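Q: build me a model:
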Amino acid sequence: MFEKLSQLPDDPILGLMVAFGEDSNPNKIDLGVGVYKTEQGDTPVMESVKQAERDIWELEQTKLYIGPAGAPEFSTAMRSLLLGSSHPALIDNRVATIQTPGGSGALRVAAELAKKGNPNATIWVSDPTWGNHIPLLSDTGLQIKTYPYYDVASHGVNFDGMMATLTQAKAGDLVLLHGCCHNPSGADLSQQQWQAVTQLANKKGFTPFIDIAYQGFGEGIEEDAYGVRLMAEQLPELLIASSCSKNFGIYRERTGSVLVVSKNATQAQACASQLARIVRGIYSMPPSHGAAVVAHILQNDSLRQHWLDELDTMRKRIFQLRGQLLEQLSKKGASSDFSFITQQSGMFSFLDISPAQVQRLRDEFSIYMTGDSRINVAGVNSHNIDYLSSAIVSVL
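A: Next comes the predicted model:
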């Protein structure tokens with residue numbers, strides 16, 4: 001049995017983690033792994049999360065299973081966070097929600113639901129996209145196609161190319177969209193572009209499938225949910241996969257959710273039952289702790305405000321780092337124009353340098369990033385920005 005299995009190559013991101021850990025250069029810089037980091041290079045537990053955990057420790061009375069659908073209070077809180085408390089889809093009971101093990105679990109469960117609804121569906125994925133999207137989604141057996149998204153020349157969205165390709169999407173197909181802070185490019189759709197994609201979905205009959213993993217890291221909690229809320233209001237069907245890993249900093253707790261917006265309440269109930277069956281057949285029950293923390297924070301006014309303040313500080317720090325990196329590169333005489341770095345959102349940006357230059361940064365300077373030159377801006381700080389900018393300029 002097992003002798004037929006061959007060894008697979010390392011995941012690019014996980015391989016970077018291993019290589020970085022083995023590097024003995026004291027000046028090494030990790031710009032690959034997509035986690036938030038402080039000025040000291042740490043990924044700390046947020047104070048609001050610490051307080052929520054203390055409260056839960058005092059109040060929790062049992063460790064019983066929470067059921068395949070997860071904790072009801074978590075689902076209620078996530079619906080409100082993503083859609084707003086008075087969204088028409090919520091008022092009409094058109095939304096089914098289920099708790100999942102992280103955003104990755106949400107993506108897979110949502111794709112499994114789509115397969116049950118239409119086994120012949122195609123999922124259209126942006127080019128480029130997060131490295132794990134295609135493995136996660138294609139393993140369901142659904143066909144994957146790509147649409148143009150990032151334009152290297154403008155360092156922004158190739159919206160004309162995107163729209164031209166999506167006219168080929170058929171009714172019953174899915175179109176995967178990044179809700180905000182596009183990973184890996186940092187180039188996001190404008191509100192006008194969200195409106196245009198919504199109109200196209202209505203016309204063609206495809207179902208948008210929104211992955212929103214960085215709500216709060218772009219322009220703000222409410223602003224980053226614009227596309228989600230618009231499509232949930234104007235379209236008959238919508239899939240939403242969300243993650244709490246980044247904006248609550250609870251990466252290892254694996255906390256996410258799936259929201260399914262249906263045409264009516266009856267279909268929403270049917271989707272809820274199908275989601276529960278899918279979960280029961282894969283992992284049976286989701287973990288409890290992270291969801292309990294998120295629900296406690298979102299349902300407590302003072303804790304929620306504390307969390308929002310912490311998240312605001314994180315978002316502003318990343319924005320400031322973008323400006324500081326641009327300033328340093330310009331000051332050191334970079335031959336390329338890097339002004340696009342300050343025009344993008346979230347933790348990620350392409351440097352748009354060649355794979356050979358990326359390799360030189362790793363070999364000569366111990367600066368680690370993915371081969372397509374995607375960097376995690378949060379990995380930059382006042383201690384390494386001079387070394388980093390000098391190294392980048394030297395390989396241009």
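Q: where along this structure do the strands fall?
A: Assigned by DSSP state E, the strands in the chain fall at 29-30, 95-101, 122-127, 143-148, 150-151, 156-157, 174-178, 207-212, 238-243, 255-261, 348-350, 367-368, 374-376.
Q: ok, the nearest residue to Thr129 once chain neighbours are set aside - contacts?
A: Excluding the flanking residues, the one nearest Thr129 by CB to CB, 6 or more residues apart in numbering is Leu176, at 7.1 Å. All C-beta spots, glycine's among them, are computed from the backbone N, C-alpha and C. Listed by CB atoms under 8 Å, 6 or more residues apart in numbering, the contact set of Leu176 reads 123-126, 129, 133, 137, 209-211.
Q: among those residues, which one lies nearest to Phe2?
A: Leu137 (26.8 Å; CB to CB).
Q: sketch out the low-pLDDT regions of the stretch 251-396 of the chain for me.
A: In the predicted model of the stretch 251-396 of the chain, no residue satisfies pLDDT under 70.
Q: helices of that one, start to end?
A: For the stretch 251-396 of the chain, the helices defined by DSSP state H, counting those that start in this stretch occupy 265-282, 289-298, 301-331, 355-365, 385-395.
Q: and the first one, what does it pack onto?
A: In this case it means helix 265-282. In terms of contacts (3 or more CB pairs under 8 Å, 6 or more residues apart in numbering; DSSP states H and E), helix 265-282 is packed against strand 95-101, helix 102-117, strand 255-261.
Q: quick one: which of these is nearest Ser339?
A: Nearest to Ser339, of all the helices and strands packed on helix 265-282, is helix 102-117, at 30.9 Å by CB to CB.
Q: gap between stretch 211-224 and the chain center?
A: From the chain centre to the centre of stretch 211-224 is a distance of 9 Å (CA atoms, centre = their mean, to the nearest Å).
Q: nope, stretch 295-312 is what I was after
A: The answer for stretch 295-312 is 20 Å, by CA atoms, centre = their mean.
Q: distance of Ser104 relative to Pro135?
A: For Ser104, the distance to Pro135 equals 10 Å [CB to CB, to the nearest Å].
Q: more crowded one of the two?
A: Set Ser104 next to Pro135 and count neighbours by other CB atoms under 10 Å: Ser104 wins out with 21 against 12.
Q: quick one on the thing from earlier: ok, which of the helices and strands packed on helix 265-282 comes nearest His383?
A: Nearest to His383 among the helices and strands packed on helix 265-282 is helix 102-117 (30.4 Å), distances taken as CB to CB.
Q: hmm, who's touching the closest one?
A: Helix 102-117 is contacted from outside by 98, 100, 121, 123, 132-133, 136-137, 139-142, 172, 174, 207, 209, 211, 213, 239-243, 245, 254-258, 260, 271, 274-275, 278-279, 282-283, 286, using CB under 8 Å, 6+ apart.
Q: could you tell me how many residues sit around the residue nearest to Thr97 when sequence neighbours are not counted?
A: With CB to CB, 6+ apart as the criterion, Thr97 has its nearest non-adjacent residue at 4.0 Å, and that residue is Ser75. Neighbour count for Ser75, taken as other CB under 10 Å: 22.
Q: distance of the nearest residue to Trp307 once chain neighbours are set aside relative to Leu177?
A: Excluding its sequence neighbours, the residue lying closest to Trp307 (CB to CB, 6+ apart) is Ser48, at 3.9 Å. Distance, Ser48 to Leu177, by CB to CB: 29 Å.
Q: with Val157 instead?
A: 11 Å.
Q: can you check which residues contact both of these two?
A: Residues touching both Val157 and Leu177 (CB under 8 Å, 6+ apart) are Leu189.
Q: give the contact list for Thr342.
A: The contact partners of Thr342, taken as CB under 8 Å, 6+ apart, are 319, 322-323, 326.
Q: most neighbours of all the residues you listed, which one?
A: Counting neighbours by other CB under 10 Å, Arg322 leads the contacts of Thr342 with 21 neighbours.
Q: excluding residues flanking it in the chain, which one is nearest Lys331?
A: Excluding the flanking residues, the one nearest Lys331 by CB to CB, 6+ apart is Ser389, at 7.8 Å.
Q: quick one: neighbours of that neighbour, just the number.
A: 22.
Q: next one: Glu327
A: Counted with other CB under 10 Å, the neighbours of Glu327 add up to 14.
Q: before we move on, what about the one 4 residues further on?
A: Residue crowding around Lys331 was assessed by other CB under 10 Å; the count is 11.
Q: can you check Gln269 too?
A: Gln269 has 13 neighbouring residues, counting by other CB under 10 Å.
Q: so who does the closest residue to it other than its chain neighbours touch?
A: In space, Gln269 comes closest to Ala96 once its chain neighbours are excluded; the distance is 7.2 Å by CB to CB, 6+ apart. Neighbour list for Ala96: 259-260, 262, 268-269, 271-272, 275 [criterion: CB under 8 Å, 6+ apart].
Q: switch to 6 Å and redo it
A: Counting by CB atoms under 6 Å, 6 or more residues apart in numbering, Ala96 makes contact with 260, 268, 271-272.
Q: out of the strands of the chain, which one sits most buried?
A: strand 255-261 (a mean of 28; mean count of other CB atoms under 10 Å).
Q: adjacent strands (with direction) for it?
A: Sheet pairing of strand 255-261 (DSSP bridges) gives strand 95-101 (antiparallel), strand 238-243 (antiparallel).
Q: now do the longest one against helix 289-298, angle only.
A: Orientation note: strand 95-101 sits at an angle of 130 degrees relative to helix 289-298 (axes from the mean of the first three to the mean of the last three CA atoms, to 10 degrees).
Q: how far off centre is strand 95-101?
A: The mean C-alpha position of strand 95-101 is separated from the chain mean by 16 Å, CA atoms, centre = their mean.
Q: ok, Leu329 to His296 distance?
A: 43 Å.
Q: and the closest residue to Pro88 other than its chain neighbours, how close does it get to Lys204?
A: For Pro88, ignoring the flanking residues on the chain, the nearest one in space by CB to CB, 6+ apart is Glu233 at 5.5 Å. According to CB to CB, Glu233 and Lys204 sit 18 Å apart.
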